[in-house]
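Visitor: Using only what follows, build the 3D model:
(one chain, ligands or ions: 1)
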Amino acid sequence: MMTYEKAHEASSTPAHEAALKSTHERYITVTVNGEEHRRMVATNLTLLEFLRDELFLKGTKEGCNEGECGACTVLLDGRPVNSCLVLAAEADGKTVMTVEGLAQNGRLHPLQEAFAELGAVQCGYCIPGMLMTAVAIIERHPTPTDAEIHKGIEGNLCRCAGYARIAHAIKVAAEAMSPS
Ligand code: FES
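Guide: I've put the predicted structure just below:
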């Protein structure tokens with residue numbers, strides 16, 4: 001009679017291992033902050049893990065890791081998502097923007113300037129996600145009302161409770177970015 005170990009050994013041929021591996025990995029092409037990346041990734045790898053551990057973009061933060069805090073917010077094809085809830089494989093063929101993509105040509109984004117100048121940053125942990133959400137708010141509402149800002153950031157938790165200054169900074173940045 002074949003023991004469990006023997007049966008396992010018999011099924012673990014190199015061809016079997018390769019076939020098993022191919023079902024657990026996927027080749028993806030993702031454009032992150034304007035740069036195209038091609039990688040073989042595990043099918044259960046999250047976009048958050050891909051950004052931090054594969055591309056070493058550590059600006060995107062891991063908080064709750066279950067879609068509650070918003071610390072991991074990035075823009076996926078321009079829409080804010082909790083990257084801890086998105087698989088890297090789901091980003092195949094898409095564009096991602098992280099906080100590292102905000103500054104251009106050595107100049108901070110107006111949102112980054114406003115957050116820094118108006119004291120909207122305390123411990124800073126929520127700020128990358130907050131900034132990416134703010135980009136999406138201004139994209140949708142170029143001159144956002146207080147209500148639109150508060151609604152927009154309701155999925156981003158700030159443990160320092162600096163919401164008033166954050167909302168003010170978003171409003172000031174929107175005004176600075178307004179063409180008129
Ligand atoms: Fe993704 Fe909290 S780490 S929502």
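Visitor: Point out the residues in this protein that sit beside the ligand.
Guide: Residues of the chain lying near the ligand by Cβ under 6 Å from any ligand atom: E62, G63, C64, N65, G67, E68, C69, G70, A71, C72, N82, C84. (Each C-beta comes from the backbone N, C-alpha and C, glycine too.)
Visitor: Emit the ChimeraX select command for whichever of the residues you listed are buried.
Guide: Applying 16 or more other Cβ atoms under 10 Å to those, the buried members can be selected in ChimeraX as follows:
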select :62,63,69,70,71,72,82,84
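Visitor: Which of the residues of the chain next to the ligand fall within strands?
Guide: N82 (DSSP state E).
Visitor: helix/strand/coil for M40?
Guide: Secondary structure, DSSP: H, G, I helix; E, B strand; the rest coil: M40 is strand.
Visitor: Look at it and report its pLDDT.
Guide: You'll see M40 listed with a pLDDT of 97.
Visitor: Can you tell me the element the residue most central in space within the chain falls in?
Guide: Centroid check for the chain by Cα atoms, centre = their mean gives V74 as the closest residue, at 2.9 Å. Secondary-structure assignment from DSSP states H and E places V74 in strand 73-76.
Visitor: What is that strand packed up against?
Guide: In this structure, strand 73-76 packs against strand 79-82, strand 95-97, helix 127-140, with contacts taken as 3 or more Cβ pairs under 8 Å, 6 or more residues apart in numbering; DSSP states H and E.
Visitor: circling back to that earlier point, and the residue nearest to the centre of the chain, what does it touch?
Guide: Counting by Cβ atoms under 8 Å, 6 or more residues apart in numbering, V74 touches L47, L51, T60, P80, V81, S83, V96, M97, T98, M132.
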